[in-house]
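1. Structure for this input, please:
(chains A and B)
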Amino acid sequence: MHIVTTRRISQIFFFALFVWFCVVATLGERWWQLRGWPINWFLQLDPLSGLGLLLSTHTIYAGLLWGLDTLALTLFLGRCFCGWLCPYGAWQQFMGYLGKCGLAASDRIARNRPHPAQRIKYWLLALLLAAAAGDLIQWLLAAILRQPLAPQNGWLAAALQTGLLDPIALMHRTFNLVMLPLVDGRAYPGATMIGALFLLFTLLCLWVPRFYCRFVCPLGALLGLLSRWSAWRIGKKENRCADCRLCERDCEGACAPAGTIRVSECVLCMNCLDPCRHDLIGYRTQPSAAGQHESPDWTRRQVVTTLAAGLIAAPLLRLEGAAAAGWNPDVVRPPGALAEADFLARCLKCGQCMRVCPTQVIRPAGLQSGFEGLWTPMLDFRVGSSGCQHNCVACAQVCPTAALRPLSVDERLGRGEFTEAGPLRLGMAFVDRGRCLPWAMDTPCIVCQENCPVSPKAIFTREVWQPVRDGRYTVRAVQAPRVVLTATLVPGQYGTGDYFCRSGRGEKVAIAANDAESFTLAPGAAENALPTVGEVLEVLLHLQQPYVDPARCIGCGVCEHECPVQGRRAIRVTAENESRQRVHRLVLS
Amino acid sequence: MNADSQTAHADRRWFLNRLLRASLGAAGIGALGWAFWDRRGPRPGEEIASSDLLPDFSIPDQTQRLAVVHGAERSTNVAAALAALGGMERFIQAGDRVLLKVNAAFAAPPLLGATTHPDMVTEVARRCFQAGARQVLVTDNPINDPASCFALTGIAAAAQSVGAQVILPANHRFENYSLPNGRLIRHWPLLREPLRQVNKVIGLAPVKDHHRSGASLTLKNWYGLLGGRRNIFHQEIHTIIAELALLIKPTLVILDGTVSMMRNGPTGGSLDDLKPTQTLIAGTDPVAVDAAGAALLDKTVDDLPHLRMAERLGAGTVDYRSQLVK
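-> Take a look at the predicted model:
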């Protein structure tokens, strides 16, 4: 089979596989839902995730070891990941193909000339990696000095931001939060910007093929740096050629195979092989006879500058204080989330937790937790189908980097060996007494109490009998169980079962019904509790007012989701008392 | 032909060279990856290591001794109380390093009685040096801004005037500490570093009304050794004070009731809140000293539940009369 055809089949296969993994990251029991597929495989295969986490946590978590395969493959074969495997690369290439349809060969060649801006992606790579490097540097320093550094060493913060630009994280984010929701109707606040950025880079491909790969992609840059050592590479057999440049007509990487090839830019699309009428170009074991640029086009000065900028960027981001005293209580993280600084050192912003959440209560953060926290998962109890199910650990099990560490249901619920630790708390619910119906508006409700899934319930109520506004009536006649009044009533207004009347003797008697002129008292009202003619009756409304028990509330937010005050809920969960950060503890009990 | 074969030879060498490098590179990356591989991920509840336990700063043969003296002058009161206890030499020996734990909680002038009076610092530090102390440190973790507190209370100037050194509660001076069998003081930041530098600890507390605990005396004064969001402990104020009584076994405590803050505590803010109670109590058992001091606020031991709680924990006795020196 033709090599280009093979490459296309590979790209289609891996693209389809990628989309499939996104689709099956849906919790459920149907054939197209979650059932053991390695849905994080692309993220794990992506060495930028693994390297980023190595720098920001001095560990490579579980499946991220797959990234080593990609690196090793690149050392032997060059950037085959970009040209053959990367789903975003395939998407870009396809859009680039649409953009160049019908163009003359000379125009196509012109689009594929190497551009100085291609070095930008190396700057971005250096910036992102340096920003993440604080932890590994600190760890190495501690190992060398043989003593731990002061934990609050602000100058060596680790900010993992590779996920912003990492093509696999970007693809997952886009498919999880934009593409699939377009089909299945989910809604994620913040999805518009994610979709718009994807659209922007897609449209730019119509103008420059593989725009993102060439100018932005930090993963491509990382593999480009490695491909200088690759054993196999594209090159010319002889320097002398007709200089027709047809080999550059469809060159995806803009690596100038006709001249001095830029090895680090070549994505192994193999489009240069066939057009050469003299068969001068090949995927070979020798360096190109026309010479080659092995390293990317960036100067040492630029490397140092971008690395330094990255190292400074991390503490600069931390200055926001969102991971310290300035934490935002509105950011309630999913179960299993590590303490904020550790969480931020791991989160790739891939959106896998958001996709897998059965109640779709996890959304990408905007700037609520600072610039660093952009697109990281937070709970929004107003969206989704319910609060956070307290017996579910799907997000924590799915997270590819243990930013949400893998929890067991036992640990979440505080059962078995976790009995002493108690249930995991995401935050705590607070009743807003100014908005709550029974507290502020003389209206029975307690939906929050009913839906509280904790046993015994974390929301309990206290009863009050509230005198009704304008609710004093004089008794005209007593015809038990009817009590005729001197006033005119709206029939049925006190017949809801929540109203009582109180006579001068102070005893409460339930009102079963009322017509325009009388109450019907509930059967069983004691004979001596009946009012007498001329007496004034006071109508009371029986209300149950909700309270939160801080020792029991786990912050699941079911109450907030169910609260009938739909705009700003009358009971809301904030991150107070969350288990993941002891310093946010609210109560001693 | 010959040239061609030479080129082919060179090409082969180049390729083998490349292959070797790629293999070494892959092996190196693999080894590095393997070395840093974390199979299980971060584990729950990995607590930060706790500091080693605090030593006992008390003098074995000087326990259960308490003196109550009266007078309007702090320095005279201190002198009289120490004389009653047998002199500072009973507590401080040559070469000792002493920590004075003052109450510098608020950035208020000494006149308002919300903090340890600077005269107390001067007098006690001077007598420590006289007894042969090599170094006297003064510390507290105040509620208001630490530097402002030490400056405005006059404590910093007082310490400086006699050569004692103020230790500000900087972050690095705290260590996570767990009190053995403690329920509240567990993995809690403790102002540990100054306690490491000394072998004697003297508590210097004013007598103050405290709305939550009933009184702020020598036991409540140890609250200033805690860091973190310690106000969470106000939910169980008596338990935390009882645990503080267990936490630290001081060499000596001096309760300065020359003037007492009778109401509006613990901040005060008006001279009207103060009363010249003209009493100073010094002793080696802070529970007993506070039990004796309760009367200065017109209270009894029963008004201050933490005293009996501390006694039940074995931190001391509320029966101060048994400890009065003759």
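
2. and the gap between the closest residue to chain A within the stretch 201-326 of chain B and residue A:18?
-> Of all residues in the stretch 201-326 of chain B, residue B:235 sits closest to chain A, at 4.7 Å by C-beta to the nearest C-beta. The way it works is simple: take the backbone N, C-alpha and C, and place the C-beta from them, glycine included. With the distance defined as C-beta to C-beta, to the nearest Å, residue B:235 ends up 52 Å from residue A:18.

3. Which helix or which strand is home to the closest residue to residue A:252 other than its chain neighbours?
-> Spatial nearest neighbour of residue A:252, chain neighbours left out: residue A:269 (3.9 Å); criterion: C-beta to C-beta, 6 or more residues apart in numbering or on different chains. Remark: residue A:269 resides in no helix or strand, with elements defined by DSSP states H and E.

4. For residue A:269, which residues are in contact?
-> By C-beta atoms under 8 Å, 6 or more residues apart in numbering or on different chains, the contact list for residue A:269 reads A:4, A:7, A:83, A:93, A:250-253.

5. Generate CSV for those residues, with pLDDT, secondary structure and neighbour count as supplementary columns.
-> Shown next, in CSV, are the contacts of residue A:269 (pLDDT from 0 to 100; DSSP: H, G, I helix; E, B strand; the rest coil; neighbours: other C-beta atoms under 10 Å in any protein chain shown):
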residue, pLDDT, secondary structure, neighbour count
A:4, 94, helix, 15
A:7, 96, helix, 20
A:83, 96, helix, 26
A:93, 96, helix, 25
A:250, 93, coil, 23
A:251, 95, coil, 29
A:252, 95, coil, 26
A:253, 94, coil, 32
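
6. hey, where'd the strands end up in chain B?
-> Using DSSP state E, the strands found in chain B span residues B:37-38, B:66-70, B:97-102, B:135-139, B:165-167, B:174-177, B:188-191, B:200-210, B:214-216, B:252-261, B:274-275, B:279-283.

7. can you tell which of those strands is closest to residue A:283?
-> Taking C-beta to C-beta, strand B:37-38 is the member of the strands of chain B nearest to residue A:283, at 32.8 Å.

8. Quick one: mean pLDDT over that closest one.
-> Per-residue pLDDT over strand B:37-38 has a mean of 94.

9. Please see if it touches chain A.
-> Yes. Against chain A, strand B:37-38 shows contacts by C-beta under 8 Å from any C-beta of the partner chain at B:37-38.

10. Residues contacting that strand, please?
-> Contacts for strand B:37-38 (C-beta under 8 Å, 6+ apart): A:57, A:59-62, A:65.

11. In strands only, show me these.
-> Going by DSSP E, the strands hold A:60-61 from these.

12. near chain B, from the contacts of strand B:37-38?
-> A:57, A:59-62, A:65.

13. Tell me the confidence at residue A:237?
-> 89.

14. who's in contact with the nearest residue to it once chain neighbours are set aside?
-> In this structure, residue A:237 finds its nearest non-sequential neighbour in residue A:280, 5.1 Å apart by C-beta to C-beta, 6+ apart. When contacts are counted by C-beta under 8 Å, 6+ apart, residue A:280 touches A:236-238, A:241.

15. Of those, which is the nearest to residue B:122?
-> residue A:236 (89.2 Å).

16. export the ones next to chain B among the contacts of strand B:37-38 to a markdown table and tack on pLDDT?
-> Below are these laid out as a markdown table (pLDDT from 0 to 100):
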| residue | pLDDT |
| --- | --- |
| A:57 | 93 |
| A:59 | 94 |
| A:60 | 95 |
| A:61 | 94 |
| A:62 | 90 |
| A:65 | 94 |
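
17. And the helices in the stretch 251-400 of chain A, which stretches?
-> A:300-318, A:340-344, A:352-356, A:394-398 (DSSP state H, counting those that start in this stretch).
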